[in-house]
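Q: What follows is a predicted structure for the sequence shown.
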Amino acid sequence: MTMVKKKILYFITKSNWGGAQRHVFDLATNLPKTKFEAVVAAGGSGPLHDKLKETGIRSISVDSLSRDISTTQDALSFITFWRLIHSEKPDIIHLHSPKAGGLGALTARLYNLFVLLHNSLPTTHYPLPTSKILYTAHGWPFNEDRPAIQKYLIRLFSWLTIVLAHQTIVISDRERRQVKNFLLVQKKIVRIYNGLEPEIAFKNRAEARQIISNQLTIDQEAPWIGTVAELHKNKGLDFAIEAWPEVLTDKQNAKLVIIGEGEERANLEKKIELFGLQSSIFLAGRKADASSLLKAFDVFLLSSIKEGLPYVILEAGAAELPTVATSVGGLTEIIDDMKSGILIQARHPKEIAKAINYFFNKPENAKKMAQALKTKVTKTFTLRKMLRETYALYS
């Protein structure tokens, strides 16, 4: 007897390669192929589509979908997603990121209502299936720097998304606490941590540094503090730049190396020039398989002002790097302050400098914290656990 597969339609706002896209990729590519069929719809034509194609997963580009609000584009996205649901007839719709979450949940609920009406007609000979709607919130958008009225409206929008979805996954306990006062939705919310594969093929220090410094003149023997981040305001990279003169007072040859691309590049370049730090801070651009290059760094820094539960910190832990991170999002659930890393306040350059200099001045403590973080990551944040808990919701 042939088993009937369940079809999962994943829907995400952007097709660049960030944490949410990595999450979708891991879910779609690891589905048991005898039980499930995966289809991914994503805005734009970014690397997520290319990576899925390489693994044989079908992906669909939704050109009208973008992070910004646009009445015309959002209407086109609504129509496109409606048609996708109608043509694909998914058993489960799994939504990711705020825009795709809200728009997708509304579309899917209305389509399910249409199906119920269609199936109730006496002339219906071919009943249509309804879909179960899941939503994963990769960091609540009301945590971003915005005017108070915008934050209020975004909280309302987030609540409506949870109401429309059958279940909502949050990726940290902190995010679950942030919506504990939302009415009528508490039983719908489940926390599932992001998880890593058991082994990551890290390149050795010399090879990784050579790849990163391609077309850049970075002292290969200097201490490198590094980060991997989209060049976006949420990543707080301007505060890292502001901290750097103070870092140099303790370690004159220290280098800050930032891997990633994004809309803030020009602003960051101006700030680096303004502080006269062109020989100390380097924007290395986007690198393929950036996680494999982490051993190039002596210290890892995440200066974000808003996060969910970032993969890059899990990867830094797996690479056994002394780690400095802001205490936002789920980072406090990964790092135990002064035991497996140093947690600092967001938007505080002086704290960034103090933490980095502490690692330089206390190398034995830095090593112990790095080992502790690796142990925590490899035991608690596993891909196998993330997949098992998510697939249980599909059932």
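A: Happy to help now that I have it. Numbers count the residues shown, from 1 in each chain.
Q: in this structure, which spans are helices?
A: Secondary structure of the chain by DSSP state H: the helices cover 19-30, 47-55, 71-88, 98-120, 148-164, 173-178, 205-212, 237-250, 265-274, 311-318, 331-334, 349-361, 363-380, 383-394.
Q: Share the number of residues neighbouring residue 301, please.
A: Using other C-beta atoms under 10 Å, residue 301 has 30 neighbouring residues. Backbone N, C-alpha and C define where each C-beta goes, glycine included.
Q: Wait, it touches residue 326, no?
A: No: taking contacts as C-beta atoms under 8 Å, residue 301 lies outside contact range of residue 326: 9.5 Å.
Q: and residue 227, what is it in contact with?
A: Neighbour list for residue 227: 235, 237, 240, 256-260, 300-303, 312 [criterion: C-beta atoms under 8 Å, 6 or more residues apart in numbering].
Q: Just give me the closest of these to residue 167.
A: Checking the contacts of residue 227 against residue 167 by C-beta to C-beta gives residue 312 as the nearest, at 26.8 Å.
Q: show me the contacts for that closest one.
A: 19, 227-229, 291, 302.
Q: circling back to that earlier point, sitting in strands, which of the contacts of residue 227 do you find?
A: Using DSSP state E, 256-259, 300-302 are the members of those that sit in strands.
Q: Residue 393 reaches residue 169, doesn't it?
A: Yes: between residue 393 and residue 169 there is a contact under C-beta under 8 Å: 7.4 Å.
Q: what do those two both touch?
A: With C-beta under 8 Å, 6+ apart as the test, residue 393 and residue 169 both reach 134, 190.
Q: Which residue of those two possesses the greater neighbour count?
A: residue 169 (25 against 15).
Q: Tell me the bridge partners for the more buried one.
A: residue 136, residue 190 (DSSP bridges).
Q: shouldn't it be in contact with residue 191?
A: Yes: if you go by C-beta under 8 Å, residue 169 and residue 191 touch, sitting 7.5 Å apart.
Q: what sits against residue 180?
A: Per C-beta under 8 Å, 6+ apart, neighbours of residue 180: residue 186.
Q: wait, I meant residue 161
A: 98, 101-102, 105, 135, 137, 168.
Q: if you set the cut-off to 6 Å instead, what comes out?
A: By C-beta atoms under 6 Å, 6 or more residues apart in numbering, residue 161 lies in contact with 101-102, 105, 135.
Q: Look up how far residue 136 lies from it.
A: 11 Å (C-beta to C-beta, to the nearest Å).
Q: got TSV for the ones in strands among the contacts of residue 227, with pLDDT and distance to residue 187 too?
A: As requested, the ones in strands among the contacts of residue 227 are exported to TSV (pLDDT from 0 to 100; distance: C-beta to C-beta, whole Å):
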residue	pLDDT	distance to residue 187
256	98	45
257	98	45
258	98	42
259	97	41
300	98	38
301	98	39
302	98	33
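Q: Can you pick out the most distant pair from these?
A: Taking C-beta to C-beta, no two of the ones in strands among the contacts of residue 227 sit farther apart than 257 and 302, at 13.6 Å.
Q: From the ones in strands among the contacts of residue 227, pick the one nearest residue 93.
A: residue 302 (31.7 Å).
Q: What's the local residue count around the closest one?
A: 24.
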